[in-house]
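Visitor: Structure, please.
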Amino acid sequence: MGSLQELGIDLDSMTDPKIKQAMVLLFNLIEDLSSQNTTLREENQKLRNEIALLKGEQGKPDIQGKNQKQAGDISSEQERREPGKERRKKSSKNEHLEITRTEVIQADTTQLPQDAQFKGYETVIVQDLVVRAEVIAFKKAVYYSPSLKKTFTADLPGGYQGTFGPHVKALIILLKTVGNMTEPKIAELLTSFSLLISPASIDRILTHRKEPFQQAKEEIFQAGLQSTSYQHIDDTSCRVNGENRSTQIVCNPWYSAYFTREKKDRLTILEILSGKLTYLFNQETATLLTLLRISPKLQKKLLAGIPKETVLSKEHITKFLEPYHLNALQTTRILEAAAISSYHAQTGQPIIELLMADDAPQFKHLTKELALCWVHDGRHYKKLHPVIASHREILTSFLTHYWEFYRKLLAYKAGPTPVLAFSLSEAFDLLFSTHTDYWELNERIAKTKAKKAQLLLVLQHPELPLHNNPAELAARAQVRKRDVSLQTRTPEGTKVQDTFLTIVETAKKLKVKLYDYIFDRITETYSLPSLARLLLDKSVAQNTALVALP
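Guide: Residues are numbered from 1 along each chain as shown. Predicted coordinates for the structure are as follows:
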């Protein structure tokens, strides 16, 4: 559709309010019909796919994340960046290199003129990598004790159990977790270096006896929960043996932890955060039951018949609920309320009080405060595709003011004051009370205004980020796994993948040399500090720096 000026229509120049109102109504009706047409086209395509399946033809596989491409670019990265801000200059890579060998190269003096004078050396730094197969024959000393009738044999060095050494094992783990290579391709690469290894052997190296790494993952998660006053959370889809599953990501600036589960509902998240689901009925439970829309009559019955201030297992609470003949939704909401209360009352696990997430319903009520992501909210505006030219201009103008306010919040984080916090709160109300002739935009603005408390938590907690990008970026690591391998096949393989994703992504954030760390753990040397220890040290260092600020 051409611009309104090209059509000879200028709303601002109209003097008759009734005609102008009629034109505004007409334009918004066009927008509504255009949106409905797009929706109907998508539904029509889905019906075509269903008909094709009923006719015995090949339909699209139901693989979450594979066929969910959205039309248009809804990224807000360009808008949220501060205009004119220079990108960080790259430092010389040679500054970070450790010279392992120095070799002097002499010139062929016979090719030089007779008056050539030696002026020293020019240093050229070259990186290289030496990869070769090494076959070791260990001769283990054997002793026999006639008195005990027992044979004693010397132990192999750490990491050399089995038919492959620790260097091979560490390399395989890196190729799989960092390089995202499939096991057959890893075997193909290693055999090209004259190493005799099969995909089955690689699978065993990747999945068998990984309890120390799984323990390291748990320690990382516990340390991560303690290291900041807030946590990021997000989820992404995955596949396990042909079934759709969900991977939850919990993280902060120094770690990322991965947990693959069958569902992504509120109880699943509580199980991850608490370690084990338990249930508790107390005053908080009563409040949550009201928020979760359990009727006062049913609440009264429950609170009269279920033990108070007693931590219950799933078996116990199921037994207590049986006489009430609840439907599935009622049962779920009651379990959620009791599980949240139990999580908040526990003492053996760090409790998250401030969570940064998107606006998904399963994240609500889990923590004392829930912060919402500005970038995620901004995506809803990018999904608007007005067909009327004046509406496009209105949307562009509003988004300019939207990201200007975002940058004011960034400036507040650098120097927070009560006066500035009050001023920004007032500015929020003014901006998101905007009323335009583009009705769909007005609806979107009203939805943002309704989330004021969650979007402006940064005014109370200046350390809080304004976006959930760390969790979304961490989710991409799982997505890359899905793109390469599609799925894991067994629960054990899924658990190992979560473990190494956690270790790899945390090591990146802590700037730990991953190969050295994994080799250190495989050989059971433990000369390098644990990632959990480094994580806590980072937290202590930052908190000390914040206290030292004037």
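Visitor: Secondary structure class of Asn244, three-state.
Guide: Here Asn244 is strand, with the state taken from DSSP: H, G, I helix; E, B strand; the rest coil.
Visitor: what's the neighbour count on the residue nearest to Val375 when sequence neighbours are not counted?
Guide: Spatially, and ignoring its direct neighbours in sequence, Val375 is nearest to His467 (4.1 Å; Cβ to Cβ, 6 or more residues apart in numbering). Backbone N, C-alpha and C define where each C-beta goes, glycine included. His467 sits with 21 neighbouring residues when counted by other Cβ atoms under 10 Å.
Visitor: likewise the one 5 residues further on?
Guide: Glu472 is surrounded by 18 other residues when neighbours are defined as other Cβ under 10 Å.
Visitor: Now it: closest residue in space, sequence neighbours ignored.
Guide: Of all residues not flanking Glu472 in the chain, Asp234 sits nearest, at 5.6 Å (Cβ to Cβ, 6+ apart).
Visitor: Tell me which helix or strand that neighbour sits in.
Guide: strand 231-240 (DSSP states H and E).
Visitor: What average pLDDT does that strand get?
Guide: The average pLDDT within strand 231-240 is 94.
Visitor: cool, stretch 100-110 as well?
Guide: 90.
Visitor: outside of it, which residues touch it?
Guide: 116, 121 (Cβ atoms under 8 Å, 6 or more residues apart in numbering).
Visitor: just stretch 501-517 next, same as before
Guide: With Cβ under 8 Å, 6+ apart, stretch 501-517 has contacts from 170-171, 174, 177-178, 213, 216-217, 220-221, 224, 251, 253-258, 474, 477-478, 481, 518, 528, 531, 534-535, 538.
Visitor: at 7 Å instead, please
Guide: Contacts of stretch 501-517 with the rest of the structure, by Cβ atoms under 7 Å, 6 or more residues apart in numbering, involve 170, 174, 177-178, 213, 216-217, 220, 253-258, 474, 477-478, 528, 531, 534-535, 538.
Visitor: Return that stretch as PDB; C-alpha atoms alone will do.
Guide: What follows is stretch 501-517, C-alpha atoms only, in PDB (Å, rounded to 0.1, in the frame of the first residue of the first chain):
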ATOM      1  CA  LEU A 501      27.400 -28.000  28.500                       C
ATOM      2  CA  THR A 502      27.400 -26.600  32.100                       C
ATOM      3  CA  ILE A 503      31.200 -27.100  32.400                       C
ATOM      4  CA  VAL A 504      32.100 -25.800  29.000                       C
ATOM      5  CA  GLU A 505      29.900 -22.700  29.100                       C
ATOM      6  CA  THR A 506      31.000 -21.900  32.700                       C
ATOM      7  CA  ALA A 507      34.700 -22.400  31.800                       C
ATOM      8  CA  LYS A 508      34.200 -19.900  28.900                       C
ATOM      9  CA  LYS A 509      32.800 -17.300  31.300                       C
ATOM     10  CA  LEU A 510      35.600 -17.800  33.800                       C
ATOM     11  CA  LYS A 511      38.200 -17.800  31.000                       C
ATOM     12  CA  VAL A 512      39.500 -21.200  32.000                       C
ATOM     13  CA  LYS A 513      41.600 -23.300  29.500                       C
ATOM     14  CA  LEU A 514      39.100 -26.000  28.900                       C
ATOM     15  CA  TYR A 515      41.500 -28.700  27.600                       C
ATOM     16  CA  ASP A 516      43.800 -28.200  30.600                       C
ATOM     17  CA  TYR A 517      40.800 -28.400  33.000                       C
END
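Visitor: Ser530 versus the closest residue to Leu455 other than its chain neighbours, what's the distance?
Guide: Spatial nearest neighbour of Leu455, chain neighbours left out: Leu372 (5.3 Å); criterion: Cβ to Cβ, 6+ apart. When distance is defined by Cβ to Cβ, to the nearest Å, Leu372 is 34 Å away from Ser530.
Visitor: out of those two, which sits in the busier spot?
Guide: Leu372 (23 against 16).
Visitor: In terms of pLDDT, where does that one sit?
Guide: pLDDT recorded at Leu372 is 95.
Visitor: Next one: it from Arg476, what distance?
Guide: From Leu372 to Arg476 the distance is 21 Å (Cβ to Cβ).
Visitor: So, low pLDDT: which residues of the stretch 401-550 of the chain?
Guide: 543-550 (pLDDT under 70).
Visitor: repeat that for 90
Guide: Residue ranges of the stretch 401-550 of the chain with pLDDT under 90: 437-439, 481-489, 538-550.
Visitor: show me where it has helices.
Guide: Applying DSSP state H, counting those that start in this stretch to the stretch 401-550 of the chain gives helices spanning 418-431, 439-450, 452-455, 469-485, 491-510, 514-522, 531-548.
Visitor: Now the fourth one: buried residues?
Guide: If I follow you right, that is helix 469-485. Neighbour-count burial for helix 469-485 flags 469-472, 474-475, 477-478, 481-482, 485 (criterion: 16 or more other Cβ atoms under 10 Å).
Visitor: export these to TSV and tack on distance to Asp265?
Guide: Formatted as TSV, the buried residues of helix 469-485 follow (distance: Cβ to Cβ, whole Å):
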residue	distance to Asp265
Asn469	24
Pro470	23
Ala471	18
Glu472	20
Ala474	21
Ala475	18
Ala477	23
Gln478	19
Lys481	23
Arg482	21
Ser485	26
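Visitor: Now flag whichever of the residues you listed is closest to Ala187.
Guide: Minimum distance to Ala187 across the buried residues of helix 469-485 is 14.4 Å, recorded for Ser485 (Cβ to Cβ).
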